[in-house]
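What shape does this take:
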Amino acid sequence: MDVLKLHLLLNYYPAIGFVIGTVVLAAGFLFRNTVRKRLALKILAVMALFTIGVVFTGEFAGQAVEPTLNGSRAEALLSHKIAATAAFAAVLITGIASVVGIVRGKRDAYRPRTTYVVVLIFSLLASILLINTIFKGRQVKWAFGQTHTENKLWHA
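Numbering: from 1, shown residues only. Predicted coordinates for the structure are as follows:
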């Protein structure tokens, strides 16, 4: 399995995990349940770590494919990279804030109240940006103007 196929295989999981983590965190706020909030922080922290792997496979896949791209597919890849950078920044902030909330809440479950709010805001932003990045990645795959060589790279 090459790095492009690995990236295509893994890239949906962070978005799904972040949406689930955000929903669990929102449910924790809605039902005033600290256990759900802490579970959501753990889900988001693990997904942030997982996202690092997806970013690395994406970078290696881009380096392998980029020299063969031109036209609309090259523009779509650039758009995907920009969206991925913004999403990765939001994911990292969410992951760091989640770890801070986990550590601060070890002794006192009510201590990281402000951290929960910050994590909810950034997890919502990260979820939206991750889904946007996936859509932009799909545009790379289906961009018009592909050559025979690109077909072999993307559909092998």
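
what element comes up after the lengthiest helix in the chain heading to the C-terminus?
The longest helix of the chain (DSSP state H) is helix 71-104. Downstream of helix 71-104, the next assigned helix or strand under DSSP states H and E is helix 113-142.

Pull out the buried residues from that next one.
115-116, 118-120, 122-134, 136-137, 139-140 (16 or more other C-beta atoms under 10 Å). From N, CA and C alone the C-beta is placed, and that goes for glycine too.

same question, stretch 6-26
Buried-residue list, stretch 6-26, by 16+ other C-beta under 10 Å: 6-8, 11, 14-15, 17-19, 21-22, 24-26.

May I ask which helix or strand of this protein has the lowest mean pLDDT?
Least confident helix or strand of the chain, by mean pLDDT, DSSP states H and E, is helix 148-155 with a mean of 52.

orientation of the longest helix of the chain relative to helix 113-142 in degrees?
Taking axes from the mean of the first three to the mean of the last three C-alpha atoms, to 10 degrees, one finds that helix 71-104 is oriented at 160 degrees with respect to helix 113-142.

Which secondary structure elements does helix 71-104 sit against?
helix 13-30, helix 34-65, helix 113-142 (3 or more C-beta pairs under 8 Å, 6 or more residues apart in numbering; DSSP states H and E).

Just send the ones you listed back as CSV, with distance to residue 75 and mean pLDDT too.
Converted to CSV, the helices and strands packed on helix 71-104 look like this (distance: least, C-beta to C-beta, whole Å; pLDDT from 0 to 100):
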stretch, distance to residue 75, mean pLDDT
helix 13-30, 23, 97
helix 34-65, 14, 93
helix 113-142, 9, 93
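
Switch those helices over to a markdown table; also include distance to residue 85.
As requested, those are exported to a markdown table (distance: least, C-beta to C-beta, whole Å):
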| stretch | distance to residue 85 |
| --- | --- |
| helix 13-30 | 14 |
| helix 34-65 | 9 |
| helix 113-142 | 9 |
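
which one of those lies closest to residue 72?
helix 113-142 (8.8 Å; C-beta to C-beta).

Am I right that residue 46 is in contact with residue 17?
Yes - assessed by C-beta atoms under 8 Å, residue 46 is found in contact with residue 17 at 7.3 Å.

Kindly provide the distance from the residue nearest to residue 66 when sequence neighbours are not counted to residue 19.
The shortest distance from residue 66 to any non-neighbouring residue, by C-beta to C-beta, 6 or more residues apart in numbering, is to residue 77 (6.8 Å). For residue 77, the distance to residue 19 equals 25 Å [C-beta to C-beta, to the nearest Å].
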